[in-house]
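K.L.:
With the sequence up front, the predicted model follows.
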There are 10 protein chains.
Amino acid sequence: MMRFAVRMDVDLPRDLDPAVVQDTLAREKAYSQQLQRNGEWVHIWRIVGAYSNLSVFEVESNDRLHEILWNLPLFPYMTIEVTPLAVHPSDIHPPQ
Amino acid sequence: MMRFAVRMDVDLPRDLDPAVVQDTLAREKAYSQQLQRNGEWVHIWRIVGAYSNLSVFEVESNDRLHEILWNLPLFPYMTIEVTPLAVHPSDIHPPQ
Amino acid sequence: MMRFAVRMDVDLPRDLDPAVVQDTLAREKAYSQQLQRNGEWVHIWRIVGAYSNLSVFEVESNDRLHEILWNLPLFPYMTIEVTPLAVHPSDIHPPQ
Amino acid sequence: MMRFAVRMDVDLPRDLDPAVVQDTLAREKAYSQQLQRNGEWVHIWRIVGAYSNLSVFEVESNDRLHEILWNLPLFPYMTIEVTPLAVHPSDIHPPQ
Amino acid sequence: MMRFAVRMDVDLPRDLDPAVVQDTLAREKAYSQQLQRNGEWVHIWRIVGAYSNLSVFEVESNDRLHEILWNLPLFPYMTIEVTPLAVHPSDIHPPQ
Amino acid sequence: MMRFAVRMDVDLPRDLDPAVVQDTLAREKAYSQQLQRNGEWVHIWRIVGAYSNLSVFEVESNDRLHEILWNLPLFPYMTIEVTPLAVHPSDIHPPQ
Amino acid sequence: MMRFAVRMDVDLPRDLDPAVVQDTLAREKAYSQQLQRNGEWVHIWRIVGAYSNLSVFEVESNDRLHEILWNLPLFPYMTIEVTPLAVHPSDIHPPQ
Amino acid sequence: MMRFAVRMDVDLPRDLDPAVVQDTLAREKAYSQQLQRNGEWVHIWRIVGAYSNLSVFEVESNDRLHEILWNLPLFPYMTIEVTPLAVHPSDIHPPQ
Amino acid sequence: MMRFAVRMDVDLPRDLDPAVVQDTLAREKAYSQQLQRNGEWVHIWRIVGAYSNLSVFEVESNDRLHEILWNLPLFPYMTIEVTPLAVHPSDIHPPQ
Amino acid sequence: MMRFAVRMDVDLPRDLDPAVVQDTLAREKAYSQQLQRNGEWVHIWRIVGAYSNLSVFEVESNDRLHEILWNLPLFPYMTIEVTPLAVHPSDIHPPQ
């Protein structure tokens, strides 16, 4: 399993139908929480002052990470930055 | 307690005395691990392909975070970027 | 209590209903002044030549700062940059 | 009187004589505190994780601000960014 | 009196009513020429190949400069960059 | 197996001992060719006009990619940019 | 024959007719696969987390590469970055 | 006579009337070719993979260059970058 | 005659012989003042908080401007940015 | 034959032996002029105010262009930017 830091910046177009916005946000939340529960979306933090999050994913491959991100309900309205992570030699609880 | 993402990029000058380098790296590792044990340095990951880490700190104040970073043995050789984090509304295990 | 410098750049879409603009600006002003009165929005300056301000906030946590910024009536039209501040050792009147 | 936000980033060369460093830092501190006392250096904050400060100056002219900055003992080792400020219409305690 | 270099980049939306454009441009020109006549807008040059100008203002304060720029008829369509200027020690005709 | 695009920009310090340079370059070449032979370093191209290469790696994990890059003999003199790749749906010969 | 690395970032306008989008994507895929079959579009990878690809082309001239890119059905919605490549002296299987 | 390198990047709005586009492109081409014939537009190259050109102009003054560029039929849809050129001392055929 | 805005940022190496620095600065000042007297160096302003100036030159050609800048005694220690200027149609005192 | 625009920015280290500098510059000039004579280095212009040139090369391949640039006597002290060019459809004298 591998870890990736992912920053997502959301930019919702103002002219989206409010019902579409509500539905999209609800699906985004459910999607994120399902992936948190299955252990692939390990951390999610709000970035202070921004419609953005910093997340950490733990996945089996690049292809799986892309599949997760591409299917985010908010994907069309996001800018996404991916940073591959490795174990740090000073980590006292390195992942197995 | 508050969380901050911190990226540290290390640029060791080539003309440092090798003994100084060794000693500094050993002190850096011990310092990091002590803070990991006391719960303030929550995560540390290596950034793939770089002499850099992405870390998450959990501290009681900005002043405490600055104190921690300023006293890093490698501080004089680092560029540091700090991002304040908040609880994300989709987080299924939000910190208390 | 902690201090943060916050720069806000406003970009109002031209096609907003003028009545909505007026109402939003009035609410923004009232919201800012209420936070100034309660002591959390410590300074606000206009940046010369720009529809922007530089502000200083004094809040108890990152989460509180995010709550304040997220609820700005102009938030959907702003780009916001947050800089955590600490006490400077040369400050002759450091905050308690 | 006019206000300016000034960010100063310090980059001390590693090969400076330690006695020179100590003397320069002591003179920098005294110089800053004298200007704080005379009312021209209104605020000084440390930027978390950096050898930097964010300051606010209140001076009678651009020429006076340049004179102050040019004579900083650390000036040769600093990158300085100056932002002119004006009164913000929402400020509940605008300067006279 | 103080001098500021100001660069203004104009980006007129294509869907502005042509009559509004004509009127705005006429008011912008009259506004600029009035300030040139009263001595506050000291220089104005076109930047070659761009819908931009580089100007120098001579004003009594930051607040006055902001007032001038904020009231430019083209202000909503401009990006503005302000650089505070001081007397240069090599200037053979320094301003009084 | 996963693919990563990696750009490496080399900046050799001028004051390196020429014998050290020769030895480092020889070890770099041998190291690269060994990894090409074992199938992990899949492509290497020179970027025209630069002391740089664009490479593609095929590895089993982020940790393995970091290990490979960290041990490059030229690592201390390189800036490295890593881009994780996935299978493209239009690829007529997708990797198995 | 010469190689070029080409990064393409797609930004589809939201208000495109869905039938037009479908048709354009189908033509883009067919166009890409035809060029892959004729040997000019040598590699195509998805960039993880982005509506982007990194490709390698092998063409007889700059003019041919421009012709290929200019005629991409998605060209009007793409930002394209071209990097000319040369044979790397460490390549164990250099192209003939 | 003086030379300037000029890079022009075209960004045609999608909602332009196709007849207007055709007419504008035809006028742009005629305008460019007339200036090539009179000797002021000395070189024009397409930048590979972009709706852009790199050109060299030979004109008698900055004002003349600005007049030429300002009157390009595509000017409202272009970003233009101007670089003044001088004779290079290694040029074996320097302009008279 | 043509006008150019020129920004010069000075970065004096710390290890220059102080006598060389003094001599270079004296020659720079004399050189600048001679060009101011002959009418080619029309304006020179200090940029507040920086070892930089913003200048305006009025010269007969690009070649003459390059000759002036190349021969600045501080040229080897400067970063120079040149912006060609034209007459602005709103200028009430356009140059002849 | 293909054309490339190449910008070269020279940054000579101050501590180079003056005799080495003289020799390198003489070899650079001879090398450039030989390539101008053989028709591969088609244009060379000085960029006003900079130790830089903008050049156009006409070569048979990317590999040949890289060989030319890599062997520039000043190569170790240059930053080089390469832009592939194609024939522009408005060019009245397109290359054969």
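P.N.:
Thanks, I have it.
K.L.:
Would you mind giving the secondary structure of whichever residue of chain A sits closest to chain J?
P.N.:
Nearest to chain J, among the residues of chain A, is A:E81, at 24.8 Å (C-beta to the nearest C-beta). In this view, the C-beta of every residue, glycine as well, is placed from N, C-alpha and C. Under the three-state scheme (DSSP: H, G, I helix; E, B strand; the rest coil), A:E81 adopts strand.
K.L.:
can you pull the contacts of it?
P.N.:
A:6-7, G:49 (C-beta atoms under 8 Å, 6 or more residues apart in numbering or on different chains).
K.L.:
How much space separates it from G:A5?
P.N.:
Distance, A:E81 to G:A5, by C-beta to C-beta, to the nearest Å: 20 Å.
K.L.:
go on, A:L85?
P.N.:
25 Å.
K.L.:
Same drill for those two, tell me which one is more crowded.
P.N.:
Neighbour totals were compared for A:L85 and G:A5, and A:L85 leads with 24 against 21 (other C-beta atoms under 10 Å in any protein chain shown).
K.L.:
Isn't the more buried one up against B:V48?
P.N.:
Yes. In this structure, A:L85 is within contact of B:V48 by C-beta atoms under 8 Å, at 6.6 Å.
K.L.:
who touches both of these two?
P.N.:
F:N62.
K.L.:
where in chain A is pLDDT low?
P.N.:
Within chain A, the segments meeting pLDDT under 70 span A:96.
K.L.:
Neighbours of the residue in it that chain D sits nearest to, how many?
P.N.:
Here the residue of chain A nearest chain D is A:V48; by C-beta to the nearest C-beta that distance is 12.6 Å. If you count neighbours by other C-beta under 10 Å, A:V48 ends up with 28.
K.L.:
For it, give me its contacts.
P.N.:
B:83-86, C:62, C:65-66, C:69, C:82.
K.L.:
So which of these are in strands?
P.N.:
The strands, defined by DSSP state E, take in B:83-86, C:82 from the contacts of A:V48.
K.L.:
Longest helix in chain A, please.
P.N.:
If each helix of chain A is counted by residues according to DSSP state H, the longest one is helix A:18-37.
K.L.:
Check which helices and strands it sits against.
P.N.:
With contacts taken as 3 or more C-beta pairs under 8 Å, 6 or more residues apart in numbering or on different chains; DSSP states H and E, helix A:18-37 sits against strand A:41-47.
K.L.:
Distance from the strand it packs on to the middle of the chain?
P.N.:
7 Å (C-alpha atoms, centre = their mean, to the nearest Å).
K.L.:
Return the list of strands paired to that strand, each annotated with direction.
P.N.:
Next to strand A:41-47 in the sheet, as set by DSSP bridges, lie strand A:52-59 (antiparallel), strand B:78-87 (antiparallel).
K.L.:
Any idea which residue of chain A lies closest to chain I?
P.N.:
A:G49 (26.8 Å).
K.L.:
Name the nearest residue to A:Q33, sequence neighbours excluded.
P.N.:
Distance criterion C-beta to C-beta, 6 or more residues apart in numbering or on different chains; nearest residue to A:Q33, sequence neighbours excluded, is B:I92 at 5.2 Å.
K.L.:
Look at the one you found and say how many residues are nearby.
P.N.:
13.
K.L.:
Relative to C:W70, how far out is it?
P.N.:
For B:I92, the distance to C:W70 equals 20 Å [C-beta to C-beta].
K.L.:
for A:D91, phi and psi?
P.N.:
Main-chain dihedrals, A:D91, degrees, to the nearest 10: phi -70, psi 120.
K.L.:
can you count the residues close to it?
P.N.:
18.
K.L.:
Confirm for me that it is in contact with B:R37.
P.N.:
No. At 11.9 Å, A:D91 does not count as touching B:R37 under the criterion of C-beta under 8 Å.
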